[in-house]
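[1] Fold the following.
(one chain, ligands or ions: 3)
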Amino acid sequence: MLVMKFGGTSVGAVEQIRTAAKIVESAVPSGPIVILSAMAGVTDGLLTAGQVAVQGLTRDRDDKLWEIRSKHDRAINDLFEERRVAAEVQETLRPLWEEMQKVFTGVSLLRELSTRSRDLIGSFGERLIVPLFTRYLKALGLQAEAIDAREFIITSDEAEFMLVDFDETKKRCRRLAELVKSGIVPVVTGFICSTPDGITMTLGRGSSDYSATIVGSCVKASEIQIWTDVDGVMTADPRHVSDARVLDRVSYREAAEMSYFGAKVLHPKTIIPAADENIPIRIKNTFNPDFQGTLISAETPTQHQNVKTVTSITGLTLVSIEGRGMMGVAGIAGRVFMTTAENRIGVLMFSQGSSEQHISLVVGKQDGEVAVKSLRRQFQHEIEHRRVDKISGVSDVAIIALVGEGMKGTPGVAARVFNVVGEGGIGIMMIAQGSSEINLSFVVRQKDATRAVQLLHSALDLGRRL
Ligand code: ADP
Ligand code: ASP
Ligand code: MG
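    Numbering: from 1, shown residues only. Ligands and ions are numbered 1, 2, ... in the order given. Modelled structure (predicted):
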């Protein structure tokens, strides 16, 4: 069995849908299971419609929904020239438009948009494209069946710390394997899942990649293909670095670090299920299907090159806790983490000086203020007794990260990196290196992030083909 996930741009308009369907058709002998993202821009559009609905802006809400509807209508009319078939597809989608109408009216009336409502609103993009794409595969002569992932990807109902119940999911995935065995191509909604009680949830923005590896690991696929709009995992974000190069091979550990530190081509959770079952992931370009892409597997050749990628994450806040009196006070770091966990704040990076006089952590900008306030409350006693001098936050910072298995045990990488950044006149506000030594990350002001990435990409010669 082969899992093939197509991202938003790969199903973003009629031409792309045709291309993606052809790719599926050519994979039929390998027993494909297709996972789809919503058409490009649709999830954003739905969530924007939710936001304006909750503000009472019903006109803007309806404009957004109309835009989404016309995008699908256009695709249906262009894909299915036979009017009868187009009408049949419209009919299949009708209950979804009606459900959307009710949900959005509910949000406008209640003027309330909970996490649960937002997940339900976000779910429509994938639920709309899947029946449409499935019908198109059938029009090409394939046997295909539209599947709603809420029937088998089961998670806990804690939105922020949600966990996939792999035992239950695996059990339910047997149905997919049976379909494949009988020659049917299952076409599955990415992104969405459900609690055991049937409440609609999502796996997080950009998480259809993760849906693909969840399914792939549960059916023990031979390969998981992520079809997107670039040739593979690149040495840097091609939108910021013009000579970024495609990497042929990347290890699971490298891919996990790269995606965690901002390589948007993969959702950060994607690697875990595939690595657990040792299933290779291949990143492929829908618009250049003959290109081999990037293979992600357990092993990777590491010769010559120390660093493989340089990535950045923006929109962050750096929180610092300083105080000479912290030295020797047990459990400060523990209390910091307890406080962030209690407030459901994700910590992207953490560092503590050996003298314990300074602790820094990086959090999302949206959590910055809460982090500072709740830490001040937690350390109120220490602040009053001058053990902690200052707890402060600096917003608009970015993490820059270098990743590569070859960095392990190679001396001088950090020195080189900090030299380059320093010579570029960019100040470094915090540094961390994972104990696995396959990543080196540091914090700079957000305004310097792109230049730092470009300087490092060029100075470390990452664009050079080996
Ligand atoms: P999809 O809709 O197919 O999931 P995404 O937009 O989520 O596609 O991810 C692909 C995009 O990720 C590319 O168009 C590229 O701009 C961006 N990207 C960022 N960093 C990298 C990287 N290191 N390698 C490849 N692409 C990257
Ligand atoms: N459509 C979802 C999103 O935009 C999931 C995905 O694209 O992977 O977040
Ligand atoms: Mg994506």
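[2] Spatially central, which residue of this protein would that be?
    His267 (2.7 Å; CA atoms, centre = their mean).
[3] How about the contacts made by that residue?
    His267 makes contacts with Leu203, Gly204, Gly206, Ser207, Ser208, Asp209, Tyr210, Ser259, as judged by CB atoms under 8 Å, 6 or more residues apart in numbering. Heads up, the C-betas are built off the backbone N, CA and C, glycines and all.
[4] Does the nearest residue to the fourth one once chain neighbours are set aside belong to a helix, a strand or coil?
    With sequence-adjacent residues excluded and distances taken as CB to CB, 6 or more residues apart in numbering, Ser207 is closest to His267, at 4.9 Å. Three-state assignment for His267 (DSSP: H, G, I helix; E, B strand; the rest coil): coil.
[5] Just want the phi and psi numbers for His267.
    Per-residue torsions, His267: phi -70, psi 140 (degrees, to the nearest 10).
[6] mind saving the C-alpha coords of the strand or helix carrying Ala341 as PDB?
    Secondary-structure assignment from DSSP states H and E places Ala341 in helix 332-342. The C-alpha trace of helix 332-342 is given here as PDB (Å, rounded to 0.1, in the frame of the first residue of the first chain):
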ATOM      1  CA  ILE A 332      13.400  27.000  39.500                       C
ATOM      2  CA  ALA A 333      13.400  25.500  36.100                       C
ATOM      3  CA  GLY A 334      10.700  23.000  37.300                       C
ATOM      4  CA  ARG A 335       8.500  25.800  38.500                       C
ATOM      5  CA  VAL A 336       9.000  27.700  35.200                       C
ATOM      6  CA  PHE A 337       7.800  24.600  33.200                       C
ATOM      7  CA  MET A 338       4.900  24.000  35.700                       C
ATOM      8  CA  THR A 339       3.800  27.600  35.200                       C
ATOM      9  CA  THR A 340       3.900  27.400  31.400                       C
ATOM     10  CA  ALA A 341       2.100  24.000  31.400                       C
ATOM     11  CA  GLU A 342      -0.600  25.300  33.700                       C
END
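[7] Toward the C-terminus, what is the element adjacent to that helix?
    By DSSP H and E, the next helix or strand past helix 332-342 is strand 347-352.
[8] What distance do you get for the residue in the chain positioned nearest to ligand 1 to ligand 3?
    For the chain, the residue closest to ligand 1 is Gly7, as judged by CB to the nearest ligand atom, at 1.8 Å. Distance, Gly7 to ligand 3, by CB to the ion, to the nearest Å: 5 Å.
[9] next one: Val130
    Taking CB to the ion, one finds Val130 at 17 Å from ligand 3.
[10] ok, now which ones touch that residue?
    Contacts for Val130 (CB under 8 Å, 6+ apart) come out as Leu36, Ala146, Ile147, Asp148, Val187, Val188, Thr189.
[11] What is the subsequent helix or strand relative to the helix or strand containing it?
    Using DSSP H and E, Val130 falls within helix 115-139. Along the chain past helix 115-139, the next helix or strand (assigned with DSSP H and E) turns out to be strand 144-147.
[12] Partner strands of the lowest-mean-pLDDT helix or strand in the chain and their direction?
    Of the helices and strands making up the chain, the lowest-confidence element is strand 430-433, at a mean of 88, by mean pLDDT, DSSP states H and E. In the sheet, strand 430-433 lines up against strand 439-445 (antiparallel) (DSSP bridges).
[13] does any bit of the partner strand sit next to ligand 1?
    No: Strand 439-445 does not reach ligand 1 (CB under 6 Å from any ligand atom); its nearest approach is 13.7 Å.
[14] Quick check: the gap between the residue of the chain positioned farthest from its centre and ligand 3.
    Largest separation from the mean C-alpha position in the chain: His385, at 43.4 Å (CA atoms, centre = their mean). Between His385 and ligand 3 the computed distance is 49 Å (CB to the ion).
[15] Hmm, that residue is touching Gly325, no?
    Yes: between His385 and Gly325 there is a contact under CB atoms under 8 Å: 7.2 Å.
[16] For ligand 3, what's the nearest residue on the stretch 101-250 of the chain?
    Per CB to the ion, Gly206 is where the stretch 101-250 of the chain lies closest to ligand 3, at 4.3 Å.
[17] Look at the residue nearest to that residue when sequence neighbours are not counted and report its pLDDT.
    Take Gly206 and drop its neighbours on the chain: the residue closest to it by CB to CB, 6+ apart is His267, 4.8 Å away. pLDDT recorded at His267 is 96.
[18] Which parts of this structure are helices?
    14-26, 42-54, 58-79, 83-110, 115-139, 166-181, 208-218, 252-260, 271-277, 332-342, 365-378, 380-384, 413-423, 449-459 (DSSP state H).
[19] what would these look like in TSV with mean pLDDT?
    Output for the helices of the chain, formatted as TSV (pLDDT from 0 to 100):
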stretch	mean pLDDT
helix 14-26	98
helix 42-54	98
helix 58-79	97
helix 83-110	97
helix 115-139	97
helix 166-181	97
helix 208-218	98
helix 252-260	95
helix 271-277	97
helix 332-342	91
helix 365-378	96
helix 380-384	92
helix 413-423	93
helix 449-459	97
